[in-house]
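Visitor: Sequence and predicted structure below; questions after.
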Amino acid sequence: MKIPINYSLRNLWARKLTTFLTAGGMALVVFVYAAVLMLDAGLRAALVATGQPDNILVTRRSAGTEVQSSVDRTQAAVIETTPGIALGPDLQPMVSKETVVLITLPKHDTGVLTNITTRGIGPAGFALRPQIKITQGRLLRFGTAEIMVGSSIAARFDGAGVGERLRFGGRDWTVVGVFDAGGSAFDSEVWGDSEQLMQVFRRPNFSSVIARLNEVSEFDRVRAALENDPRTPVDVKSERVFYEEQSEQMSSFIRYLGIFLSVVFSIGAMIGAMITMYAAVSNRTAEIGTLRALGFRRKGILLAFLFEALALGVVGWIVGVVLASMMQLVHISTMNWQSFSELAFSFDLTFGIVVQSLIFALVMGFIGGLLPAWRASRLQIVDALRAA
Amino acid sequence: MLLFKLITRNALRHKLRTSLTVAGLVVAILAFGLLQTVVDAWYGGANAASANRLITRNKVSLTFPMPATYLQKIRSVEGVESVAAANWFGGVYRDTSMANFFPKFAVDAVPYFAMYPEYLVKENEFRDFLRDRQGAMIGRKLATAHGFKVGDVIPIQGDIFPGNWNFTVRGIYDGGQKSTDTSALFFHYQYLNETLRQRALRRADAVGVFVVAIKDVDRAAEISKAIDQLSENSSAETLTETEKAFQIGFAKQTEAIVIAIRFVSFVVIFIILAIMANVMSLTVRERMAEYATLKALGFKPAFVVSLILGESVAIAVLGAAIGIGLSFPLVSGFGALLGNLFPIFDLSGATIVLQAICALAVGLIAAALPMRRAAKVQIVEGLRFVG
């Protein structure tokens, strides 16, 4: 006969303080584990959502980032006329020749000077990024000193509201609109007219060229055509891949730090569970003896104690995940080392993370409970009964 | 003396439990120390900055250069001792992995190294470096990490400055202080500029930052202003600040990560606090009958309380001592593993003090609740108590 599950659960309930403290320790570990995974997921979501699957991004060969790249007008014209590039409703190629520069602006709460990506776009710039919605104001007019700002910029920097003016490049720029790019990297950018930005920053060249493909399947052909053309020493990447690569360093930093923290912290929590379970076993030695005398098997005892430890883990998991889910309200804004500019993203709780942290909590409970449960099941009936 | 004897005996009664608790403490103190060290490393550049150096850069952002002619103008500002041009070179050695990353700067070698006396160079090596147009001075840490020796050629694939670049190691500099960064490669600005004149004339004669040495530290603000006035309303206005402010500006932009790490380092202390509090409450519950007996024998509640507090603190101190002791090899091992990611990665005195304080606080707080229970227990009730 099996020992009822209730026996284990009631034991946890009987020692509320101990259960609370042990599960609390585990909950904190689960919290850290889940929060790190959420941060990584949020970062990836921000950068993956930035790229459209059927857009290509062309930069100078081995430039790595848009800021370091430069594509001159002749090269841009060659790219524009490459077969495989889609035409827009106006029968013009869907191509945006962009100028990307970094400017520094002070954050409005802390005053910290922050590098902001400022992107000059071509007329097709908005059509190429259908994820962008204008939330306030209107589209900028090309040929004027009008700019639009991403939602994270509007919220964090002085003078970035609609109707206000930002000064850079020796000139005042009027903010005419705020756009929401669905939490992607564009939300941390300032957008203006490419030609205007080139003028004030005295640049004869564009930084990058974005183009829409007729078909995603034509990517390889277009890439080969451009990369093999001696007139265009460029790298051609799918926009999505490009932005994924931009997050590589930050993402692996977060992940490595997270794995390290989770492993170290979980050792602590497992020790905590072990102490609790050993104490539970030694407190209940006589009880275990009685159970055995009544005919319950060693295996049953082992399972009962193991189950108790797993239940501790589950309690820790629930509390930890609830705590972590509150982190979704927090937005992180930091400098991305690779693009050297401001990037805002949030904690993203996915179903996968919920499951992963449950497995993590169960493993902690299992390892913490295994040895004590083993000891409980090995007790001799006579000795155990005498312990009372 | 009886008190100490009882505390020791009590602590050793459950050897397994005590050693598990100590192990948990050690892990927590280690993790806390390591995370604090990461936070320190973040600000490492700022701590190594000298007060008599200013950095002048383009006001728009660091990615915009300034005309090389500014050098003469800045030098003429009253109070300026010397000026050196420096360009962040970017570039990729082997591949873009973190392990192969190291900073590369093109500098005006003579004034630059004179301004940074903490870079200890051998005179003959430095002379060789000055004679070789493609020569490079590399830091000791960089040399050790990649096994570079004097005479080796380091091939770099340019990204900011396209093309293939080869630098010959002419000397290895050491750090004058513990906080000196010796992970960088320096080569001649002249070489970069001459190459740009041939390959990309438009980008030649441009400088990323000017490092300005000043005589009087107290006049830093005034001199910075005077330098910036030189270029007011021009196409390349400058922003001058102290080296420390410049370095902190970098760290500040990634502040969110530092705050997260700092936050997490205190979470680990809370985890161990929960474990320790649990251990003490288990222990006290088991011994309730003993405390009642002690009281029945005439011992004051204060004695019982100090028994519990003493045991808790003793375990905490033991854990802290082992943890701090192990922090040294762990931090240096980690520093080696991270390579050039952080130029400075050392356990600081402040971190050790903080580790000790946290451990002590854990010991004290963990004992608080159980102490109250034991002090309040009625003799009759306690004698009847079955854990």
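Guide: Yes, it's here. Numbering: from 1, shown residues only, chains lettered A, B, ... in the order given.
Visitor: Surely A:I332 is within a strand?
Guide: Yes - counting by DSSP: H, G, I helix; E, B strand; the rest coil, A:I332 is located in a strand.
Visitor: Helix, strand or coil: sort out the residue nearest to it when sequence neighbours are not counted for me.
Guide: Among residues not flanking A:I332 along the chain, B:A256 sits closest, at 4.7 Å (Cβ to Cβ, 6 or more residues apart in numbering or on different chains). (C-beta placed from N, C-alpha, C; glycine too.) Under three-state DSSP, B:A256 falls in the helix class.
Visitor: Identify the residues contacting the helix or strand hosting B:K225?
Guide: If you go by DSSP states H and E, B:K225 is part of helix B:220-230. For helix B:220-230, the external contacting residues (Cβ atoms under 8 Å, 6 or more residues apart in numbering or on different chains) are B:51-52, B:54, B:56, B:59, B:70, B:73-74, B:77-80, B:212, B:214, B:237-242.
Visitor: In strands, which of those residues fall?
Guide: Under the assignment DSSP state E, those contribute B:L54, B:T56, B:V80, B:V212, B:I214, B:T238, B:L239, B:T240, B:E241, B:T242 to strands.
Visitor: now, among those, which is nearest to A:I271?
Guide: Nearest to A:I271 out of the ones in strands among the contacts of helix B:220-230 is B:T242 (Cβ to Cβ; 47.2 Å).
Visitor: Now do the buried residues in the helix holding B:K225.
Guide: Buried positions in helix B:220-230, judged by neighbour count with 16 or more other Cβ atoms under 10 Å in any protein chain shown: B:A220, B:I223, B:S224, B:A226, B:I227, B:D228, B:L230.
Visitor: Would you check which pair of these lies furthest apart?
Guide: Most distant of those, by Cβ to Cβ, are B:A220 and B:L230, 16.3 Å apart.
Visitor: Now narrow the contacts of helix B:220-230 to whatever sits close to chain A.
Guide: Among the contacts of helix B:220-230, the ones lying near chain A by Cβ under 8 Å from any Cβ of the partner chain are B:K59, B:E237.
Visitor: Mind checking which of the contacts of helix B:220-230 are buried?
Guide: Buried subset of the contacts of helix B:220-230 (neighbour count, 16+ other Cβ under 10 Å): B:52, B:54, B:56, B:59, B:70, B:74, B:77, B:80, B:212, B:214, B:237-242.
Visitor: Centre of the chain to the helix holding B:K225, how far?
Guide: 31 Å (Cα atoms, centre = their mean, to the nearest Å).
Visitor: can you give me the angle it makes with strand B:53-58?
Guide: 30 degrees (axes from the mean of the first three to the mean of the last three Cα atoms, to 10 degrees).
Visitor: max-length helix in chain A?
Guide: helix A:248-283 (DSSP state H).
Visitor: Distance from that helix to the middle of the chain?
Guide: 22 Å.
Visitor: Show me what the helix or strand that comes right after it is packed up against.
Guide: Counting by DSSP H and E, the next helix or strand C-terminal to helix A:248-283 is helix A:285-293. Counting contacts by 3 or more Cβ pairs under 8 Å, 6 or more residues apart in numbering or on different chains; DSSP states H and E, helix A:285-293 is packed against helix A:298-326, helix A:381-386.
Visitor: and B:H188, which of the ones you listed is closest to it?
Guide: Of these, nearest to B:H188 by Cβ to Cβ is helix A:298-326, at 52.1 Å.
Visitor: sorry, back to before: please point out which parts of the longest helix of chain A sit buried.
Guide: By 16+ other Cβ under 10 Å, the buried positions in helix A:248-283 come out as A:249-251, A:253-254, A:257-258, A:261-262, A:264-283.
Visitor: Near the residue nearest to A:I332, how many other residues are there?
Guide: Look at B:A256: counted by other Cβ atoms under 10 Å in any protein chain shown, it has 18 neighbours.
Visitor: Just the pLDDT for it.
Guide: Per-residue confidence at B:A256 stands at 83 (pLDDT).
Visitor: Touching, it and A:S333? I think so.
Guide: Yes - shown here, B:A256 and A:S333 form a contact pair, counting by Cβ atoms under 8 Å, at 6.1 Å.
Visitor: if we can go back for a sec, between the buried residues of helix B:220-230, which has the least confident prediction?
Guide: Lowest pLDDT among the buried residues of helix B:220-230: B:A220, 90.
Visitor: any idea how far that one lies from A:D40?
Guide: When distance is defined by Cβ to Cβ, to the nearest Å, B:A220 is 41 Å away from A:D40.
Visitor: what about the strands in chain A?
Guide: Assigned strands in chain A, in chain order: A:55-60, A:95-106, A:113-121, A:133-137, A:146-150, A:165-168, A:171-180, A:189-193, A:208-212, A:234-238, A:331-336, A:341-346 (criterion: DSSP E).
Visitor: Export those to TSV and append columns for mean pLDDT and mean neighbour count.
Guide: Output for the strands of chain A, formatted as TSV (pLDDT from 0 to 100; neighbours: other Cβ atoms under 10 Å in any protein chain shown):
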stretch	mean pLDDT	mean neighbour count
strand A:55-60	93	24
strand A:95-106	91	23
strand A:113-121	90	25
strand A:133-137	92	14
strand A:146-150	94	26
strand A:165-168	88	17
strand A:171-180	93	18
strand A:189-193	94	25
strand A:208-212	94	25
strand A:234-238	92	21
strand A:331-336	83	20
strand A:341-346	84	25
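Visitor: Excluding chain neighbours, what is closest to B:G176?
Guide: Counting by Cβ to Cβ, 6+ apart, the residue nearest B:G176 is B:E118, at 3.8 Å.
Visitor: Quick check on B:S231: phi, psi?
Guide: As for B:S231, its main-chain torsions (degrees, to the nearest 10) stand at phi -110, psi 10.
Visitor: At the contact with chain B, which residues of the stretch 1-150 of chain A appear?
Guide: Looking at chain B, the residues of the stretch 1-150 of chain A close enough under Cβ under 8 Å from any Cβ are A:17-18, A:21-22, A:24-25, A:28-29, A:31-32, A:39, A:60-64, A:67-68, A:101-104, A:110, A:112-115.
Visitor: Buried subset of those, written for ChimeraX?
Guide: Remark: buried members of the residues of the stretch 1-150 of chain A next to chain B, expressed as a ChimeraX selection using 16+ other Cβ under 10 Å:
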select /A:18,21,22,24,25,28,29,31,32,39,60,62,63,64,67,68,101,102,103,104,112,113,114,115
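Visitor: Enumerate the residues of the stretch 151-300 of chain B near chain A.
Guide: Residues of the stretch 151-300 of chain B lying close to chain A by Cβ under 8 Å from any Cβ are B:157-160, B:162, B:202, B:233, B:235, B:237, B:249, B:252-257, B:260-261, B:264, B:267-268, B:270-272, B:274-275, B:277-279, B:281-282, B:286.
Visitor: Surely B:S82 forms part of a strand?
Guide: Yes - B:S82: assigned to a strand according to three-state DSSP.
Visitor: That one reaches B:Y112, doesn't it?
Guide: No - with contact defined as Cβ under 8 Å, B:S82 does not reach B:Y112; the gap is 9.1 Å.
Visitor: Settle it for me: which of these two has more neighbours?
Guide: The residue with more neighbours, out of B:S82 and B:Y112, is B:Y112; 22 against 16, by other Cβ under 10 Å.
Visitor: For that one, give me its contacts.
Guide: Contacts of B:Y112 (Cβ under 8 Å, 6+ apart): B:A84, B:A86, B:F186, B:V211.
Visitor: nearest to chain A, of those?
Guide: Of all the contacts of B:Y112, B:A86 has the smallest distance to chain A: 16.9 Å, by Cβ to the nearest Cβ.
Visitor: Give me the three-state assignment for that closest one.
Guide: strand.
Visitor: Burial check on the spatially closest residue to it that is not a sequence neighbour, number of neighbours?
Guide: Closest residue in space to B:A86, ignoring its immediate chain neighbours: B:V107 at 4.7 Å, by Cβ to Cβ, 6+ apart. Applying other Cβ under 10 Å, we find 25 residues neighbouring B:V107.
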